[in-house]
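Chemist: the following block contains a protein sequence and its predicted model.
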Amino acid sequence: MDGYIGVFDSGVGGLTVVKEIIQILPYEDVVYLGDTARVPYGTKSPETVSRFSLQCLKFLSNYPLKVVVVACNTVSSTSLDVLKDNTDVPIIDVIKPGASSAVMSTRTGKIAVIGTKATISSMAYVRAIHNIDNSITVYQKACPLFVPIVEEGLQDDEIALIVARRYLNYLLDKDIDTVVLGCTHYPLLKGVIRKVFSNDVQLIDSAYQTSIAVSEKLNEMSALRNVSREKPEHLFYVTDIPNDFQRVATNFLGWDYVYVKKVNIDEE
């Protein structure tokens, strides 16, 4: 079936989700919007996040959509119901897939969730995990500087490790064996986060788990699946093009070049 998988995020972090979707569903068309002019969402009120999210959804709706992926944990934890009330297109968030994978992964029954302030304050991951198994202990830690570190392309800089240790040392004596990367920017910090935890701790990549959920949704609604083998179209839009955006975007996707167009969604 013709149509796009629509993906949006507050910045470029959602490109980690796009990368996984393209790998799992190589023949599907994808349209991506990063609201880079207003990143980060994690420090903003739920009301503001909902308003921004609806504008993102409206922009994506200019294309025929099969499914919309909310590739932002902050939006997933604060505004999902609002989005569902404003579209008939199936919406997939990044919280439920990550929570399910974490529950299946843990052996000690102790899971840590790291994310933005808004995601952590919402308790969305705690609820999602406890809906599956309420005997699991969930520790949370907000890591607000992680997003700007990634957006600035500093994930391999010494400052990233210093900040990671400052945030995550709190979790080291909790006997956790599973850490949910509760923000789509965080997979780019896996190497740094891994240096803080032992190798026995499993890192749950919500971007990968979300791509699996998208594939399952298209299989469930078989008429939506693209069965052709034609070259797909991948479209990338942002609301602002920050310095070094091309470098960061190519880093996220692992491509040599990413063509990105700047758009204004304030009036959407």
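Modeler: Arrived safely, thanks for sending. Residues are numbered from 1 along each chain as shown.
Chemist: residue 232 contacts residue 21, correct?
Modeler: No - the criterion here is CB atoms under 8 Å, and residue 232 misses it with residue 21 at 10.5 Å. Heads up, the C-betas are built off the backbone N, CA and C, glycines and all.
Chemist: so what sits against both of the two?
Modeler: Between them, residue 232 and residue 21 share these contacting residues under CB atoms under 8 Å, 6 or more residues apart in numbering: 28, 30.
Chemist: out of these two, which sits in the busier spot?
Modeler: For residue 232 and residue 21, the more surrounded residue by other CB atoms under 10 Å is residue 21, and the numbers stand at 26 against 16.
Chemist: report the central residue of this protein.
Modeler: When the chain is reduced to its mean C-alpha position, the nearest residue by CA atoms, centre = their mean turns out to be residue 184, at 3.1 Å.
Chemist: so what pLDDT did the closest residue to it other than its chain neighbours get?
Modeler: Leaving aside its sequence neighbours, residue 184 sits nearest to residue 13 (CB to CB, 6 or more residues apart in numbering; 4.0 Å). Predicted confidence (pLDDT) for residue 13: 83.
Chemist: quick one, what contacts residue 13?
Modeler: 34, 71-72, 147, 150-151, 183-186, 252.
Chemist: SS state for it?
Modeler: The three-state label given to residue 13 by DSSP: H, G, I helix; E, B strand; the rest coil is coil.
Chemist: wait, isn't the residue nearest to the centre of the chain in contact with residue 19?
Modeler: No - with contacts counted by CB under 8 Å, residue 184 stays clear of residue 19, the gap being 10.3 Å.
Chemist: common neighbours of these two, please.
Modeler: With CB under 8 Å, 6+ apart as the test, residue 184 and residue 19 both reach residue 207.
Chemist: is residue 33 within a helix or a strand, and which one?
Modeler: strand 29-34 (DSSP states H and E).
Chemist: and that strand, what does it pack onto?
Modeler: For strand 29-34, the packing partners by 3 or more CB pairs under 8 Å, 6 or more residues apart in numbering; DSSP states H and E come out as strand 4-9, helix 15-24, helix 46-60, strand 234-238.
Chemist: swap in 6 Å and give it another go.
Modeler: Strand 29-34 is packed against strand 4-9, helix 46-60, strand 234-238, with contacts defined by 3 or more CB pairs under 6 Å, 6 or more residues apart in numbering; DSSP states H and E.
Chemist: what does the second one rub up against?
Modeler: It refers to helix 46-60. 6, 8, 33, 35, 38, 41, 74-75, 78-79, 82-83, 265, 268 (CB atoms under 6 Å, 6 or more residues apart in numbering).
Chemist: pLDDT score assigned to the closest residue to residue 230 other than its chain neighbours?
Modeler: Ranked by CB to CB, 6+ apart and with sequence neighbours excluded, the top spatial neighbour of residue 230 is residue 27, at 7.1 Å. Listed pLDDT for residue 27 reads 91.
Chemist: now swap in the one 3 residues further on and tell me
Modeler: At residue 30, the pLDDT value in this model is 96.
Chemist: if I read this right, it contacts residue 234, doesn't it?
Modeler: Yes - judged on CB atoms under 6 Å, residue 30 makes contact with residue 234 at a distance of 5.0 Å.
Chemist: who wins for neighbours among the contacts of helix 46-60?
Modeler: Neighbour max across the contacts of helix 46-60 (other CB under 10 Å) = residue 74, 33 neighbours.
Chemist: who's in contact with that residue?
Modeler: 41-42, 49, 116, 118-119.
Chemist: tabulate these (JSON lines), appending pLDDT and secondary structure.
Modeler: JSON lines is the format used below for these (pLDDT from 0 to 100; DSSP: H, G, I helix; E, B strand; the rest coil):
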{"residue": "41", "pLDDT": "86", "secondary structure": "coil"}
{"residue": "42", "pLDDT": "81", "secondary structure": "coil"}
{"residue": "49", "pLDDT": "93", "secondary structure": "helix"}
{"residue": "116", "pLDDT": "87", "secondary structure": "coil"}
{"residue": "118", "pLDDT": "83", "secondary structure": "helix"}
{"residue": "119", "pLDDT": "86", "secondary structure": "helix"}
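Chemist: of these, closest to residue 104?
Modeler: In terms of CB to CB, no member of the contacts of residue 74 lies closer to residue 104 than residue 119, at 20.8 Å.
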